[in-house]
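Participant: fold the following and give me the result.
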Amino acid sequence: MSTNVIEWVLKTPVERSFRVMQVAGMFDLPLEKATCERMVVEIPRQTEDWQIGLIVGPSGSGKSSLARRLFGDRVTQRFSWPEDRAVVDAFGDLPVKEIVSLLTTVGFSSPPAWLRPYRVLSNGEQARCDLARAFAEVLKAPKPGDDEPWHVLLPPQADRSRPLVVCDEFTSVVDRHVARAISAGLAKRIRRGTLSCRFVAVTCHYDVAEWLTPDWVIDMAVRQFTRQSFRRPAITLAVVPCRREAWRAYRRHHYLSGGLPAAAECYLALWDGEAVAFCAVASQIGRRNYRRISRLVVLPEYQGMGIGSAFLEAVARYYRGQGQRVGITTSHPAMISHLCRSPQWRLRSIRKCGSRGGGRNLPEYRGSFGRAVMSFQFVGSR
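Facilitator: Numbers count the residues shown, from 1 in each chain. This next block holds a predicted model:
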């Protein structure tokens, strides 16, 4: 099979100080050879299209240099964010619905955090905001030309006008649990078509590969291109009952304020022994043998992996097994999107203006007046 050869010289200018010349002399090192390196990567002629690529290798191996040579100004790192403006105000003239959609799509599904400045967010939240900005920039960018260097990665029949996002230092500033969550969530949405683009991650972390499931990998440690088929590891959750006090760690991440219903039964989802999500279930006023999901929160670092939907269905299935009917009313776009797609849930009603609270008899029940909400009932497998 014929190949395309990407070749360049990586130069590292250094001042010829006395110590530099002394060390070069001690070890008989030609200074030009020590500060210049010829890089060669062979890319086979492509016959299959792709959605996700990965350039990986240790620090100093030439990953970023190769990315800039292939993708030019499409390589994004971290963006400049206003100090005292909410993150939703940093997307230019993009309509708010598109901003919310992008933030949700990259796994950043915490409306309270959308209204905070970037600087106060966690590393995981900031990494997702940067990804959302990168995708937003692609929406505004002109269509790519017909003959760009990165087209050596495409088969002849591929659509060359399809948007491309290249993220340098991918997941480099987050812990590895968060890196897995970001990688898995992003891959799921690209494969599903929620993000209609090509995506290339550039990173020194090999552990993202099995979660990002790229179609091809360039490993700069050996300077080799390979097409691979990855299978994402399974995520096993343990669902355990918990005390109401656990809500304190999750309350700030929920889009509704207020406390829990007085008789709510509470649960935690554990992943590798770590609590990552909270669910509260309450009885439905005026409806016998009916339970409603009162609160469901996945910590921001773990959003986008499908943990929330799996946790929700596990809890609903538990109550269904006890002869209870289970429902949920929500206005959260990500949750509505999942419930509408899932065969486990059936849409019961749409209230464009929400419903009123419990009044004097039930002051702790706020209701949803003023918010458009959708109600669903759990039906289980069909």
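Participant: pLDDT weak spots in the chain?
Facilitator: 1, 32-35, 77, 141-146, 256-258, 353-371, 382 (pLDDT under 70).
Participant: where along it do the helices fall?
Facilitator: 18-26, 31-35, 63-71, 96-105, 111-114, 123-140, 176-192, 209-212, 307-321, 333-341 (DSSP state H).
Participant: would you list the ones you listed in a markdown table and tack on distance to Ser349 and mean neighbour count?
Facilitator: (C-beta placed from N, C-alpha, C; glycine too.) Formatted as a markdown table, the helices of the chain follow (distance: least, C-beta to C-beta, whole Å; neighbours: other C-beta atoms under 10 Å):
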| stretch | distance to Ser349 | mean neighbour count |
| --- | --- | --- |
| helix 18-26 | 75 | 11 |
| helix 31-35 | 69 | 12 |
| helix 63-71 | 48 | 20 |
| helix 96-105 | 22 | 19 |
| helix 111-114 | 22 | 19 |
| helix 123-140 | 31 | 21 |
| helix 176-192 | 27 | 21 |
| helix 209-212 | 37 | 21 |
| helix 307-321 | 18 | 19 |
| helix 333-341 | 13 | 17 |
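Participant: so which of these gets nearest Pro163?
Facilitator: Pro163 lies closest to helix 123-140 among the helices of the chain, at 4.5 Å (C-beta to C-beta).
Participant: I'd like to know which elements that closest one is packed against.
Facilitator: strand 75-76, helix 96-105, strand 164-167, helix 176-192 (3 or more C-beta pairs under 8 Å, 6 or more residues apart in numbering; DSSP states H and E).
Participant: can you do 10 Å?
Facilitator: strand 75-76, helix 96-105, helix 111-114, strand 164-167, helix 176-192, strand 198-203 (3 or more C-beta pairs under 10 Å, 6 or more residues apart in numbering; DSSP states H and E).
Participant: Arg252 - nearest residue in space that isn't next to it in sequence?
Facilitator: Pro112 (6.4 Å; C-beta to C-beta, 6 or more residues apart in numbering).
Participant: hmm, back to that, format the helices of the chain as CSV; extra columns: distance to Cys279.
Facilitator: Supplementary listing: the helices of the chain in CSV, determined by distance: least, C-beta to C-beta, whole Å:
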stretch, distance to Cys279
helix 18-26, 62
helix 31-35, 58
helix 63-71, 41
helix 96-105, 20
helix 111-114, 18
helix 123-140, 21
helix 176-192, 18
helix 209-212, 24
helix 307-321, 5
helix 333-341, 12
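Participant: nearest to Ala86, of these?
Facilitator: Here helix 111-114 is closest among these (C-beta to C-beta), at 6.6 Å.
Participant: how far is the closest one from where the chain is centred?
Facilitator: 15 Å (C-alpha atoms, centre = their mean, to the nearest Å).
Participant: same check, this time on stretch 219-234
Facilitator: 20 Å.
Participant: buried stuff in it?
Facilitator: 219-220, 223, 225, 230 (16 or more other C-beta atoms under 10 Å).
Participant: and the two most separated of those residues?
Facilitator: Arg223 and Phe230 (20.6 Å).
Participant: tell me what Phe376 is bridged to.
Facilitator: Beta bridges link Phe376 to Ile328, Leu347 when assigned by DSSP bridges.
Participant: ok, how many other residues are close to it?
Facilitator: 24 (other C-beta atoms under 10 Å).
Participant: look up how far Arg180 lies from Trp271.
Facilitator: 10 Å (C-beta to C-beta, to the nearest Å).
Participant: what residues are shared contacts of these two?
Facilitator: With contacts defined as C-beta atoms under 10 Å, 6 or more residues apart in numbering, the residues adjacent to both Trp271 and Arg180 are 235, 302, 305.
Participant: the first one contacts Gly306, doesn't it?
Facilitator: Put plainly, it is Ile235. Yes: in terms of C-beta atoms under 10 Å, Ile235 counts as a neighbour of Gly306; the distance is 7.4 Å.
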